[in-house]
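Chemist: kindly generate the corresponding structure for this input.
(2 chains)
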Amino acid sequence: MTVTDGKDELETQFAQWREHVRRRPEMVESDADELEDHLRNSVDELAGLGLDRDEAFLVAVKRMGGLDELSREFAREHSERLWKQLMFTEDDPAKKNRSRRDLIAMLVCAFGAAVSIKIPELWNADGHFYQKNAALFALPWVAGFLMWRRRTTGWVPGLLVGLFGLGAVVANAYPTGDDGQSEGLIVSHLPLALWMVVGLAYVSDDLRSARRRMDFVRFTGEWFVYLVLMLLGGGVLTVFLYAIFEAVGMSPDTFISEWLVPCGVVAATVVGAWLVEVKQGVIENIAPVLTRLFTPLFTVALLAYLVVIGWGGRGIDIDRSALITFDLLLAVVLGLLLYSQSARDPLAPRGPFDVMQLVLVVSALVIDALVLWAMAGRILEYGMTQNNVTAIGQNIVLLANLAGAAWLLLTFVRRRTGFAAVERWQTAYLPVFGLWFWIVVLILPPVFRFD
Amino acid sequence: MRVTKDLVAASATPIVLGILAEGDSYGYALLRRISDLSGGELDWTEGFLYPLLHRLERLGHVEAYWHAATGERRRKYYRITRQGLAELAEQKRQWQTVVEALTQVWPLLIPQEGTA
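Modeler: Below you'll find the model as predicted:
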């Protein structure tokens, strides 16, 4: 071994040691710097006493004592670090700069969203207009923010503009009657269709990557959680606004209902996206935690439901709203499945939780088969309506997904495949959802003559 | 001879502040100096010294800065603040009281210093 080799090796050892220090949440970058300097001083001194530098490194590390003990001592002084902190305490100037630019871009987009939702009022837009268009004032800004962060170029931005434009056409140019089925479906499905467009923006830096698509699933869950939390906070703010302004004899009614709520909600969608983007990994993701909690509960509930049906011989009395309920049930089961899988270590061996997921999916499938059976009779009786077609189509899209997932979970639990196949199935299926949502808003209304 | 944990803990702040009052220093040099001052009897660990320094920094008794002396690595130096000097004076007063009391209780032990 030459001298330079030894030196390089020592540097690698320093780097590895540093890596170990950095993995401790109690110690931050500057602590690692400080301790590394200490270690180097120790090595220098020991080498001065005649030790080989490699040996000196070992002795110095040994002297410093175990990292466990060291980090325990650090934790006693810096307990706040265990409550991981959000973006505002960045040491590295390059990262700091980047997070500041993110912040500015977010503020611009959030402000843009808040302003854009008020513009149509200049032309006296009414409630119907806003019902159909609401998502168009929020999601393009979210997509814009994501594309800004990913420096998206090429054909993707054009495609996104086109799709959002198409959404605007569907919402405004389709001659749907007020309160018709078409209008109801556009109101409920256009946001979902547009969210898939946001997904396109999210994965725009690597369109084919399964990992990125799974990231988008995670992003969706976290974004939703943040949005709900922000809306709760907004609710508290509203209550206080009412209380304090009424105490001085003013009613903030108009301000709250016409400015605070609409502008706040669309801005919150952008802020939520920003929070999820910057805090990735800083805070434990909450959606998977929720799914962990609720998977067993839903499994038990569905099994109980099956037992009741089987024992009492009750048929499911089905009408459209019941069918929608069961659609939602499938969506929830899919969500539970997706989010616990999104947080799962793909290399971990199968465990009892995987078996429980299998039971959950299979019982949902059985229930859904019963529902479809009952529904078939209803359609024969009343014929097809747009709502029926949508509800059944939705059901079939979800059913196919869950059936595939159940099959792959089964082979995984029986140790025939790795977990990666289960994950790949879900990420490959995402575009199917996108396609279906767009069919509902774009194609079904003309087919049913905008009834 | 080992100095008990309680005594180490109680004396740590005045010792560190006292050394820093002589001039700015960094962690490794502080440990060496403390070891020298006590003839090797006070053997602080890194897990003891660095959190202590960070605590003194948080309390405002010392301030830290990164500096690379010519021909040396970039290091985190600690400097005693005005508030730290006041704290040191206060600690000195308290320790003086303790030492005076001890000299009276142990008249034979303490004056023998230096003859051993």
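Chemist: all strands for chain B, in order.
Modeler: Using DSSP state E, the strands of chain B run over residues B:25-26, B:62-68, B:74-80.
Chemist: return the most buried member of those.
Modeler: Among the strands of chain B, the stretch with the highest mean neighbour count (mean count of other C-beta atoms under 10 Å in any protein chain shown) is strand B:25-26, at a mean of 20. Every C-beta, even on glycine, is put in place using the N, C-alpha and C of the backbone.
Chemist: and that strand, what does it pack against?
Modeler: When contacts are defined as 3 or more C-beta pairs under 8 Å, 6 or more residues apart in numbering or on different chains; DSSP states H and E, strand B:25-26 packs onto strand B:74-80.
Chemist: returning to what we had before: would JSON lines of the strands of chain B with mean pLDDT and distance to residue A:173 be doable?
Modeler: As requested, the strands of chain B are arranged in JSON lines below (pLDDT from 0 to 100; distance: least, C-beta to C-beta, whole Å):
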{"stretch": "strand B:25-26", "mean pLDDT": "93", "distance to residue A:173": "71"}
{"stretch": "strand B:62-68", "mean pLDDT": "91", "distance to residue A:173": "62"}
{"stretch": "strand B:74-80", "mean pLDDT": "93", "distance to residue A:173": "64"}
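Chemist: how about stretch B:56-73 as CSV, C-alpha atoms only?
Modeler: What follows is the C-alpha trace of stretch B:56-73 in CSV, where atoms were taken according to Å, rounded to 0.1, in the frame of the first residue of the first chain:
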residue,chain,number,x,y,z
LEU,B,56,-23.2,27.8,27.9
GLU,B,57,-23.7,29.1,24.3
ARG,B,58,-27.4,28.9,24.7
LEU,B,59,-27.3,30.6,28.0
GLY,B,60,-25.2,33.4,26.4
HIS,B,61,-22.1,32.9,28.6
VAL,B,62,-20.0,32.1,25.6
GLU,B,63,-20.3,32.6,21.8
ALA,B,64,-19.1,30.4,19.1
TYR,B,65,-17.5,31.2,15.8
TRP,B,66,-15.8,29.2,13.0
HIS,B,67,-12.3,30.3,12.3
ALA,B,68,-9.3,28.9,10.4
ALA,B,69,-6.0,29.9,11.9
THR,B,70,-3.2,30.1,9.4
GLY,B,71,-2.2,26.7,8.3
GLU,B,72,-4.8,25.0,10.4
ARG,B,73,-8.2,23.4,9.9
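Chemist: and the contacts of it?
Modeler: Counting by C-beta atoms under 8 Å, 6 or more residues apart in numbering or on different chains, the neighbours of stretch B:56-73 from elsewhere in the structure are A:33, A:37, A:40, A:77, B:13, B:16-17, B:20, B:53, B:74-81, B:83-84, B:87.
Chemist: contact partners for the residue sitting nearest the centre point of chain B?
Modeler: Centroid check for chain B by C-alpha atoms, centre = their mean gives residue B:15 as the closest residue, at 1.8 Å. Residues touching residue B:15, when contacts are defined by C-beta under 8 Å, 6+ apart, comprise B:34, B:37, B:42.
Chemist: now do 10 Å
Modeler: Applying C-beta atoms under 10 Å, 6 or more residues apart in numbering or on different chains to residue B:15 gives the contacts B:8, B:30, B:33, B:34, B:37, B:38, B:42, B:44, B:52, B:91.
Chemist: can I get the buried ones among those residues as something I can paste into ChimeraX?
Modeler: This is the ChimeraX syntax for the buried subset of the contacts of residue B:15, where burial follows 16 or more other C-beta atoms under 10 Å in any protein chain shown:
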select /B:30,34,42,44,52,91
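Chemist: possible to save the contacts of residue B:15 as a markdown table with distance to residue A:356?
Modeler: What follows is these, written out as a markdown table (distance: C-beta to C-beta, whole Å):
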| residue | distance to residue A:356 |
| --- | --- |
| B:8 | 53 |
| B:30 | 55 |
| B:33 | 60 |
| B:34 | 57 |
| B:37 | 63 |
| B:38 | 61 |
| B:42 | 57 |
| B:44 | 51 |
| B:52 | 49 |
| B:91 | 60 |
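Chemist: go through the contacts of residue B:15 and name the one nearest residue A:131.
Modeler: Ranked by distance to residue A:131 (C-beta to C-beta), the contacts of residue B:15 are led by residue B:52 at 62.4 Å.
Chemist: show me what contacts that closest one?
Modeler: Neighbour list for residue B:52: A:73, A:77, B:9, B:12, B:13, B:15, B:16, B:27, B:30, B:44 [criterion: C-beta under 10 Å, 6+ apart].
Chemist: which of the residues you listed has the largest number of neighbours?
Modeler: Neighbours here are counted as other C-beta atoms under 10 Å in any protein chain shown. On that basis the top member of those is residue B:16, with 25 neighbours.
Chemist: pLDDT score for that residue?
Modeler: At residue B:16, the model reports a pLDDT of 95.
Chemist: spell out which residues of chain A are next to chain B.
Modeler: By the criterion of C-beta under 10 Å from any C-beta of the partner chain, the positions of chain A lying close to chain B are A:26-27, A:30-31, A:33-42, A:44-45, A:63-78.
Chemist: how about residues contacting the lengthiest helix in chain B?
Modeler: Longest among the helix segments of chain B by residue count, using DSSP state H, is helix B:82-105. Contacts of helix B:82-105 with the rest of the structure, by C-beta under 10 Å, 6+ apart, involve B:10-11, B:13-18, B:20-21, B:56-57, B:59-63, B:78, B:80-81, B:109-111.
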